[in-house]
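Engineer: Show me how the following folds:
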Amino acid sequence: MKIALGSDHAGFQYKEAIKQYLQSAGHEVIDKGAFTYDAADDYPTFCGPAAKAVPAGEAERAIVLGGSGNGEAMVANHVSGIRCALCWNAETARLGRMHNDANCISIGERMVDLATALEIVRVWLETPFEGGRHAARIAHIED
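Structural biologist: Residues are numbered from 1 along each chain as shown. Okay, here's the model as predicted:
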């Protein structure tokens, strides 16, 4: 699967670890930055392009990262066609996929430990969309 990544300075270390995890699992990573740790980096600069990669067909899914994950999710959810779930544990990732067909997740590096972040990514990738009654809700979101 092609997965776009974007983070500011506060999510940079996890972005790099997640990139390595995804590549070792056989996924293609499209890294939209940041490319170095720089406290002057702003999350919209990198998270916006990562999210935009999905509806553009450049990636199938996206992961955005920052300090809390809140602003990053807000940026991603401003992109038409993106359903970004803010995840703080495996259950939020599972439900984001199963019920909301989340094609993007946001993780806060200051909110969870790295093992949890990697588990969030794993669960999100492995969980299918349940469809059914949830499909009508997704269509309503798209309207």
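
Engineer: going forward, measure contacts and count neighbours with C-alpha atoms only.
Structural biologist: Noted.

Engineer: Give me the below-cutoff pLDDT ranges for this structure.
Structural biologist: Within the chain, no range satisfies pLDDT under 70.

Engineer: all helices of it, in order?
Structural biologist: For the chain, applying DSSP state H gives helices covering 12-24, 43-52, 70-77, 90-100, 114-126, 133-142.

Engineer: wait, what's in contact with the most centrally placed residue in the chain?
Structural biologist: For the chain, residue 63 is the residue whose C-alpha lies nearest the centre (CA atoms, centre = their mean; 2.2 Å). Listed by CA atoms under 8 Å, 6 or more residues apart in numbering, the contact set of residue 63 reads 3-6, 50-51, 104-107.

Engineer: Give me the phi and psi angles of residue 88.
Structural biologist: phi -130, psi 0 (degrees, to the nearest 10).

Engineer: Any figure for the gap between it and residue 105?
Structural biologist: Residue 88 sits at a distance of 10 Å from residue 105 (criterion: CA to CA, to the nearest Å).

Engineer: right, so of the helices of the chain, which gets closest to residue 36?
Structural biologist: Closest to residue 36 of the helices of the chain is helix 12-24 (CA to CA; 7.4 Å).

Engineer: Can you say which of the contacts of residue 63 are buried?
Structural biologist: Among the contacts of residue 63, those classed as buried by 16 or more other CA atoms under 10 Å are 3-6, 50-51, 104-107.

Engineer: Can you name the two of the residues you listed that sit furthest apart?
Structural biologist: Farthest pair in these, by CA to CA: 3 and 107, 14.7 Å.

Engineer: circling back to that earlier point, format the helices of the chain as JSON lines; extra columns: distance to residue 31.
Structural biologist: Converted to JSON lines, the helices of the chain look like this (distance: least, CA to CA, whole Å):
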{"stretch": "helix 12-24", "distance to residue 31": "8"}
{"stretch": "helix 43-52", "distance to residue 31": "8"}
{"stretch": "helix 70-77", "distance to residue 31": "15"}
{"stretch": "helix 90-100", "distance to residue 31": "21"}
{"stretch": "helix 114-126", "distance to residue 31": "16"}
{"stretch": "helix 133-142", "distance to residue 31": "26"}
